[in-house]
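S.K.: Fold the stuff below for me.
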Amino acid sequence: MRARLYPLASELIMFILKQAWACLFGGILLILIITTSLLWQDNWPIYRYDFLFACAIALQICFLIFKLESWREAKVILLFHVVGTVMEIFKIHAGSWAYPEPGYIKLMGVPLFSGFMYAAVGSYMARVIRLFDMRFAPYPPFWMTVLLAIAIYANFFLHHFTIDIRYALFAATLILFWRTRIWFHIGCTPRWMPLPLAAFLTAFFMWVAENIGTMTGTWLYAGQSQLDVVRLAKMGSWYLLLYVSFLLVTLVFRDALSRTPWQPNPFKPAQTVAI
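M.R.: The predicted model follows:
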């Protein structure tokens, strides 16, 4: 079928299919959120949030059993869960958003299935790097990316008490990564995309997923009803949070980072310099 298509059309189809396969964890989670919101009844013996948590646990186990993720990647994804849950606890107590439905499996008011939504981002990043054989070059000094990620994560908490420095953080991401290209392979031909552009496009799809979550009533932002569109400012929040997520994933994929520009050779395995 691919042989009958123009090369660019063939690559586009493969790109979409690979992206969909990389999004498998998050995609299944979204399908479960939509399906349960349509079918769930108040008199059922288990709360919807608790059912979603059980499904997410089962899904993670299946990913490990069928080797869709390695144990090393699963440890990083667990870290995503912890980082996300901590922020969820703070944000709901700060009044930023709320989970309106009841449930038993909660921590300080936060249903624990919510942490898997952050874990889904980690799962996507780990899988997409492997599926596309990605290389990131030239990559800035690793310690700078660590400081940036810490500053971004801290601002999600501190802006409630001090000034919001998100615009400075936006600028910092562009300054730090403006030369960094994401090299990836769809077929044999290497392609590349600026890393900030990839982060922006991913943030857009995260914003779409946010709207699915709010329209199903799974969570709601302050002053928002189920029919309201999530503010575009949330896309900016996801753009920044993706850099925190990316740092966590690079703890596993350090060999995909190169300090020097990478010259791809489609007939030779990629050689990178870990940093």
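S.K.: just checking, what packs against the one helix or strand Val76 maps to?
M.R.: With elements delineated by DSSP states H and E, Val76 resides in helix 71-93, which encompasses its position. Contact analysis of helix 71-93 by 3 or more C-beta pairs under 8 Å, 6 or more residues apart in numbering; DSSP states H and E lists helix 48-65, strand 110-111, helix 114-131, helix 142-158, helix 233-250 as its packing neighbours. Where you see a C-beta, it was placed from the backbone N, CA and C, and this is true even at glycine.
S.K.: Which one of those lies nearest to Thr173?
M.R.: Comparing the helices and strands packed on helix 71-93 against Thr173 with C-beta to C-beta, the closest turns out to be helix 233-250 (5.9 Å).
S.K.: what packs against the closest one?
M.R.: Packing partners of helix 233-250 (3+ C-beta pairs under 8 Å, 6+ apart): helix 71-93, helix 114-131, helix 142-158, helix 166-177, helix 195-215.
S.K.: could you check the angle helix 142-158 makes with that helix?
M.R.: Using axes from the mean of the first three to the mean of the last three C-alpha atoms, to 10 degrees, the interaxial angle of helix 233-250 with respect to helix 142-158 works out to 140 degrees.
S.K.: Tell me the gap between helix 233-250 and the middle of its chain.
M.R.: If you compare the mean C-alpha spot of helix 233-250 with that of the full chain, they lie 7 Å apart, counting by C-alpha atoms, centre = their mean, to the nearest Å.
S.K.: contacting residues for Met108?
M.R.: Going by C-beta atoms under 8 Å, 6 or more residues apart in numbering, Met108 touches Ile89, His93.
S.K.: roughly how far out does stretch 27-46 sit from the chain middle?
M.R.: Taking C-alpha atoms, centre = their mean, one finds the center of stretch 27-46 at 22 Å from the center of the full chain.
S.K.: May I have that stretch as CSV, with CA atoms only?
M.R.: The C-alpha atoms that make up stretch 27-46 are tabulated as CSV, following Å, rounded to 0.1, in the frame of the first residue of the first chain:
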residue,chain,number,x,y,z
GLY,A,27,-5.3,7.4,24.0
ILE,A,28,-6.7,4.4,25.9
LEU,A,29,-7.0,6.5,29.1
LEU,A,30,-8.9,9.2,27.1
ILE,A,31,-11.2,6.6,25.7
LEU,A,32,-11.9,5.3,29.2
ILE,A,33,-12.6,8.8,30.4
ILE,A,34,-15.1,9.5,27.6
THR,A,35,-16.8,6.1,27.8
THR,A,36,-17.3,6.1,31.5
SER,A,37,-18.6,9.6,31.5
LEU,A,38,-21.4,8.5,29.1
LEU,A,39,-22.2,5.2,30.7
TRP,A,40,-21.6,5.6,34.5
GLN,A,41,-24.5,5.5,36.9
ASP,A,42,-24.5,6.9,40.4
ASN,A,43,-26.0,3.7,41.9
TRP,A,44,-23.2,1.4,40.5
PRO,A,45,-21.1,-0.3,43.3
ILE,A,46,-17.8,1.4,42.4
